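>>> predicted model and sequence below, questions to follow.
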Amino acid sequence: MTKELKVSLLALTGLSLLSCAKTSELYPTGQYESGLFENNFYTGRHDFASKTSTESLTKTITSDQYFNGDSAGDFGAYSNDVTFDGNVISRKGLKTMYPEVLNYTMNGATTTLTTDPAHDWRYVDVGRDSDYVGTSFGRTKCLATTDGAFKNGFLSKLYDGQLYCNGDHMRALVQLDSNGYDAFFPKTMADGDYFLMSLRGGSNYLENMTVTSSATTGAVVRRLTMFDAAFKFYVASESGYTYTSVLAKDVVVRTDSGGEGVTWFGFNFSAIGIASTVGIVGFSFSYTNFRDPAIDISKESADRSKDSTFYWGAMVYEVMFPDSSWK
Amino acid sequence: MIKSEKRELAEENPTPATGKKPLDWDRILSYVVLAFLALVSFSFGGNNWTYLYEAIAFVLAVAFYALVPLNKDKAEGKRLFYYSIPLIVFAVFCSFSKFWLTSSFSSFSSALINLMGILAFYAIGLMCRHLKSLALEKIVLAVLFGLALLVLISSIATLADYGFFYAIRYAKDVRFYDGRYIAIADDYSLLYGFKILSVSLKYSMQFAFVLAISLLSLLFISPKKNKLLFIGVAVAGDIGFFAMLFVPYVFGFKLAIPFVLFALLLRFVKFPRATPKWEKIVGYAALGLGSLFLLIMFINGIRGGVAIPPSGFLGKLFNNRFLAAANESVAVAFHKVGGGFDITGLFGIGFNQIGEWLGASVNASFFVDNRIFEFAALYEGGVLGFLGLFVMLVFAIMAFRKYIHLEEALDGGKILILLLVASSVLYASLSTDSTPLNENPSLYVSPLARNGMILLLVFFLGYVYTPIFPLAKKGNMEVKNHD
């Protein structure tokens, strides 16, 4: 073998070893999009599990401290009461609590962004930002528009500004069990005071279910589901990471009520006593104290730990830090 | 004194007052053309800069006309004009069309630049034959190395991203970008403009495919007599071949089979210099069948698809997925929703025009699924633009037939040009992609307008021009070979 050939082969081998730039996060085609509900949970994503992290602050918030919008007629806009398990719980929507989040200022002129699902950005609209930024709330204020680094990876589904299903079903959302996920952000937060999630409940529950060899039939039950939402916001520290825990009690979402039946949940950091968001590098979401009128958590599963007949999942469309900046 | 005489005199007698030699415009223009062709082949700056190349080409064409002595024979000019009519029609109607003038990213001035650019590339090709310093070998090597550099950089970038044979290893995998998935087997890191972007395999591989096919010209190039060309083609062709192999691009290798057979046929079967009768009969029969097919397709399209029953042999022949873009283009252009005939369909379709086919709605932007670049002329340029392209290709086949047989022995350089043009056309005829950017799929990249490969194609159509029409006057029937 000549010296030149050896050098060439060595160079080619070296090049092949470099092949990792885009292969770090690949998925089989159709994963999380199967016809079986229980196969679509996005599980096992816990970036901080192997890191040293300590809690620096804990906040438990109640429904008067967060927005939890739910209105088929006027998404994100309402302020009304919700009856759950015989109790009336007062809810407020984003527009009532923080209407300024829906404002968009360009060249000194301020307009109010559209929150109507019919005019919402969809994942198939990639590349058509000029049609949406400054018009659609989702695409204007999403993390992907704030910083292009958020466009890479599976979780880009949560950063792209698609706040509703709009007929895209699993393509548009991430289905999470009660263990949720935790992940690094591709950038570090420099400034920001709001947090928003667009989500709904989904399940494979059917009333009077009949299973035959050819089909499973039964009635879909539209209902409300309640849980306590747990969040952690991680900041890098000298010894690893510190995090601020936020536990939002009694968050209500609509379940099996169609892809546009989403809830916008969120809060203002400073209003709940978190003075600074500077340095946030990661985030986790999970839920506890799960209550659903159809699914008995003692028998069925929202954490996929049991061999259940029925499963429930948080169908998350978006994780947003409106008007934040990242570096 | 005519221009050429002046030039010869100047060459022989340097200016006595200064002692300096006058500028050798022949040599200067040769270098400029070579550099220009290499840059266009390299897609320097990407599609965003094609406007600039078209504008530069126009300036170059004017410079050529002013500085290069040309044959001003009227009869010769007439038959050149006849040959050029389809190209002019194509350029005019594919530049100034409903499609472009109704799109938000085009304007009258951009249409004018595109028109002048196409004509300028053609004119430069025609006039290059008159440059003494510009040999055929230099031109093809400039083009090949421009393409090879583009392919080499892109191939290294892709291998760094995914490694060797990634289309097999990750055949069923996807990655996510901005909420949507991208199939890894259709992901290629192409140098596009001044960035390396994620581009579809179909679009990216056109350059490697053309290079790989150029290897077949080695059957006709003597390594002893033309060492530089032989080595140049071997190096550039291998870059293309290995770029395809390392993916591997199976479609490209399948598409190479007819070229291999064609090259072997040309190499080992002797074809007469003058077109034999049987070849003419086959040619005219194919042309007749093709024209008849197009006629029926147009009638069916104008009727919104109901002229031919959707089932049965004819239904399968005319209502299939390959013809979908053409059928729908004709229907959207001419067939008014709810019935009626729209004469403005002659000039193509509006960029966001909708219509109906077989009673079902045809949405705006239906054409992005088109894989046949000739049909792009139909919706971008209308019937006249499409016919211009169709006739232009027929004329090109006739001209190439004569061109490669100008001498008794087949010349490797000429075969190389034939392979470059034919592989580029066939590839675009089967695998064009007008929305190639994986991470920005709404960006329309025209297979015809402001397209570097089309400009090179047009250049070569000019360069290989060999009269196909008889001279109007009696006498000189001589065909000029390369200088």
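Nice, I can see it.
>>> could you list the low-confidence segments of chain A?
Filtered on pLDDT under 70, chain A yields the residue ranges A:1-2, A:5, A:8-21, A:70-80.
>>> which of the three states applies to A:G138?
Per DSSP: H, G, I helix; E, B strand; the rest coil, the secondary structure class of A:G138 is helix.
>>> nearest residue to it in space, please, no chain neighbours.
Once flanking residues are discounted, A:G138 sits nearest to A:G161: 3.7 Å by C-beta to C-beta, 6 or more residues apart in numbering or on different chains. C-beta: built from backbone N, CA, C; applies to glycine.
>>> before we move on, what about A:F321?
Closest to A:F321 by C-beta to C-beta, 6+ apart is A:G192, at 4.6 Å.
>>> neighbours around that neighbour, how many?
Neighbourhood size, A:G192 [other C-beta atoms under 10 Å in any protein chain shown]: 18.
>>> shouldn't it be in contact with A:M320?
No: A:G192 is beyond contact range of A:M320, at 9.9 Å (criterion: C-beta atoms under 8 Å).
>>> ok, now which ones touch the closest residue to chain A within the stretch 251-400 of chain B?
Nearest residue of the stretch 251-400 of chain B to chain A (C-beta to the nearest C-beta) works out as B:S365 at 10.9 Å. Counting by C-beta atoms under 8 Å, 6 or more residues apart in numbering or on different chains, B:S365 makes contact with B:N352.
>>> close to chain B: what parts of chain A are there?
Within reach of chain B by C-beta under 8 Å from any C-beta of the partner chain, chain A has these residues: A:12, A:15-16, A:18-19, A:21-23, A:25-29, A:123-128, A:144, A:151-157, A:159-160, A:162, A:171-172.
>>> what is the distance between stretch B:353-361 and the centre of its chain?
Distance of stretch B:353-361 from the chain centroid (C-alpha atoms, centre = their mean, to the nearest Å) equals 31 Å.
>>> let me fix that, I meant to ask about stretch A:164-175.
11 Å.
>>> surely A:M320 touches A:R139?
No: A:M320 lies out of contact with A:R139 (C-beta under 8 Å); the separation is 10.8 Å.
>>> helices or strands up against whichever strand or helix holds B:L144?
According to DSSP states H and E, B:L144 maps onto helix B:136-162. For helix B:136-162, the helices and strands in contact under the criterion 3 or more C-beta pairs under 8 Å, 6 or more residues apart in numbering or on different chains; DSSP states H and E are helix A:3-17, helix B:25-41, strand B:188-192, strand B:195-199, helix B:201-214, helix B:227-245, helix B:412-431.
>>> show the contacting residues for B:V89.
B:L384, B:G385, B:L387, B:G388, B:V391.
>>> one more time with 7 Å, if that's ok
By C-beta atoms under 7 Å, 6 or more residues apart in numbering or on different chains, the residues touching B:V89 are B:L384, B:G388.
>>> what is the neighbour count of the residue nearest to A:G138?
Residue neighbour count, defined by other C-beta under 10 Å, stands at 30 for A:G161.
>>> quick revisit: buried ones in the helix holding B:L144?
For helix B:136-162, burial by neighbour count (16 or more other C-beta atoms under 10 Å in any protein chain shown) applies to B:136-152, B:154-162.
>>> repeat that for stretch B:395-413.
B:395-396, B:398-406, B:410-413.
>>> A:L57: neighbouring residues, count only.
A:L57 has 13 neighbours, counted by other C-beta under 10 Å.
>>> can you tell me the helix or strand for it?
strand A:53-61.
>>> how about the residues of chain B by chain A?
B:159-164, B:170, B:172-180, B:183-184, B:440-443 (C-beta under 7 Å from any C-beta of the partner chain).
>>> swap the cut-off to 6 Å and go again
By C-beta under 6 Å from any C-beta of the partner chain, the residues of chain B that approach chain A are B:159-164, B:172-180, B:440-443.
>>> from what I see, the residue nearest to A:G138 and A:F137 are in contact.
No: counting by C-beta atoms under 6 Å, A:F137 is not a contact partner of A:G161; they are 8.2 Å apart.
>>> quickly list what's touching both of the two.
Common neighbours of A:G161 and A:F137, counting by C-beta atoms under 6 Å, 6 or more residues apart in numbering or on different chains, are absent.
>>> the residues of chain A next to chain B, buried ones only, as a PyMOL selection?
Buried residues among the residues of chain A next to chain B (16+ other C-beta under 10 Å), as a PyMOL selection:
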select buried, chain A and resi 15+16+19+22+23+26+27+123+124+125+126+127+128+144+151+152+153+154+155+156+157+159+160+162+171+172
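>>> among the residues of chain A next to chain B, which are in strands?
Under the assignment DSSP state E, the residues of chain A next to chain B contribute A:Y27, A:P28 to strands.
>>> quick check on the residue in the stretch 151-300 of chain A that chain B sits nearest to: phi, psi?
Using C-beta to the nearest C-beta, the closest approach of the stretch 151-300 of chain A to chain B is made by A:D160 at 3.4 Å. Note on A:D160: backbone dihedrals following degrees, to the nearest 10 are phi -90, psi -10.
>>> surely it meets B:D178?
Yes: with contact defined as C-beta under 6 Å, A:D160 reaches B:D178; the gap is 5.3 Å.
>>> need the residues touching each of these two.
A:A144.
>>> more crowded one of A:M320 and A:R139?
A:M320 (27 against 24).
>>> what about the helices in the stretch 251-400 of chain B?
For the stretch 251-400 of chain B, applying DSSP state H, counting those that start in this stretch gives helices covering B:277-302, B:312-318, B:324-334, B:373-404.
>>> give me whichever of the ones you listed is most buried.
helix B:324-334 (a mean of 26; mean count of other C-beta atoms under 10 Å in any protein chain shown).
>>> name the helices or strands packed onto it?
Using 3 or more C-beta pairs under 6 Å, 6 or more residues apart in numbering or on different chains; DSSP states H and E, the elements in contact with helix B:324-334 are helix B:277-302, strand B:355-357, helix B:373-404.
>>> need the residues that contact that helix.
With C-beta under 6 Å, 6+ apart, helix B:324-334 has contacts from B:298, B:301-302, B:304, B:341-342, B:345, B:349, B:353, B:355, B:357, B:362, B:366-367, B:370, B:375, B:378-379.
>>> starting at the chain centroid, how far to it?
Mean-position distance between helix B:324-334 and its chain equals 23 Å (C-alpha atoms, centre = their mean).
>>> equivalent analysis for stretch A:40-51, please.
Computed by C-alpha atoms, centre = their mean, the chain-centroid distance of stretch A:40-51 equals 14 Å.
>>> same question, stretch A:294-307
Between the centre of stretch A:294-307 and the centre of its chain there are 21 Å (C-alpha atoms, centre = their mean).
>>> next, the buried residues of it.
Residues A:A294, A:I295, A:I297, A:E300, A:S301, A:A302, A:D303, A:R304 are the ones in stretch A:294-307 that count as buried (16+ other C-beta under 10 Å).
>>> could you dump those residues to JSON lines with distance to B:V59?
JSON lines is the format used below for those (distance: C-beta to C-beta, whole Å):
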{"residue": "A:A294", "distance to B:V59": "74"}
{"residue": "A:I295", "distance to B:V59": "73"}
{"residue": "A:I297", "distance to B:V59": "76"}
{"residue": "A:E300", "distance to B:V59": "75"}
{"residue": "A:S301", "distance to B:V59": "72"}
{"residue": "A:A302", "distance to B:V59": "70"}
{"residue": "A:D303", "distance to B:V59": "70"}
{"residue": "A:R304", "distance to B:V59": "68"}
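>>> could you tell me which of those belong to strands?
In strands, judged by DSSP E, none of those are found.
>>> and which of these is nearest B:L216?
Taking C-beta to C-beta as the measure, A:R304 is the one of the buried residues of stretch A:294-307 closest to B:L216, at 57.9 Å.
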